[in-house]
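Peer 1: take this sequence and fold it.
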Amino acid sequence: MPYIKVMVHLIWSTKNREMTISKKLKPLLLQHILQNAENKNIYIDQINCVQDHCHCLISLRASQSISKVAFLLKGESSRWINKNNLSFGKFEWQDEYIALSVSESQIPVMRKYIKNQEEHHRNRTFTEEYDLFLKKYGFEYSG
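Peer 2: Next up, the predicted model:
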């Protein structure tokens, strides 16, 4: 059996970064994503969201890819929201996402960062944060 520990910080936003995750929807969405992840053998260490995006700290298993995990979490949760009419209008996630590796020493820092999203976004919008991530980690971005 292989021993693998690959921690990934996964960030994705609502379509057009619309503020569609209401205070009422948030706990339902987080619980649903956690349950769906458990059903699909995806280990979520920490998760949180605000009105326009989600942060998730996951541990990849040997047979999992980042793209497949992102697809399973995002796609199923948007279908669930729409099927249950939990959002005004059609709910969609943005196609793109950011995935960053997290070293063992930074896991506690990342957990705290994800847990405190509401406080964090009092001072910085998601667009500002997103652009900062792209620049900090050297991603090319044309938007």
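
Peer 1: where's Phe139, which helix or strand?
Peer 2: Of the helices and strands defined by DSSP states H and E, none includes Phe139.

Peer 1: who are the contact partners of it?
Peer 2: Taking C-beta atoms under 8 Å, 6 or more residues apart in numbering, we find Phe139 in contact with 98, 133. C-betas here are computed from N, CA, C, even on glycine.

Peer 1: run a quick neighbour tally on Lys23.
Peer 2: Neighbour count for Lys23, taken as other C-beta atoms under 10 Å: 7.

Peer 1: let me know the pLDDT of it.
Peer 2: Lys23 is assigned 93 on the pLDDT scale.

Peer 1: ok, it to Met1 distance?
Peer 2: Distance of Lys23 to Met1, given as C-beta to C-beta, to the nearest Å: 43 Å.

Peer 1: same deal with Ile81?
Peer 2: From Ile81 over to Met1 (counting by C-beta to C-beta), the distance is 37 Å.

Peer 1: compare neighbour counts for the two and give me the winner.
Peer 2: It is Ile81, of Ile81 and Met1, that has more neighbours when counted by other C-beta under 10 Å, with 21 against 4.

Peer 1: my read: that one touches Ser87, true?
Peer 2: Yes: assessed by C-beta atoms under 8 Å, Ile81 is found in contact with Ser87 at 5.3 Å.

Peer 1: which neighbours do the two have in common?
Peer 2: The contact lists of Ile81 and Ser87 share Leu25, where a contact means C-beta under 8 Å, 6+ apart.

Peer 1: how about the helix or strand harbouring Met110: buried residues?
Peer 2: In this assignment (DSSP H and E), Met110 forms part of helix 107-115. For helix 107-115, the neighbour count (16 or more other C-beta atoms under 10 Å) marks 107, 110, 113-114 as buried.

Peer 1: reformat those residues as CSV; add pLDDT and distance to Ile98.
Peer 2: Shown next, in CSV, are the buried residues of helix 107-115 (pLDDT from 0 to 100; distance: C-beta to C-beta, whole Å):
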residue, pLDDT, distance to Ile98
Ile107, 97, 18
Met110, 96, 13
Tyr113, 93, 14
Ile114, 95, 13
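
Peer 1: for those, which one is nearest Phe133?
Peer 2: Within the buried residues of helix 107-115, proximity to Phe133 (C-beta to C-beta) peaks at Tyr113, which comes in at 11.8 Å.
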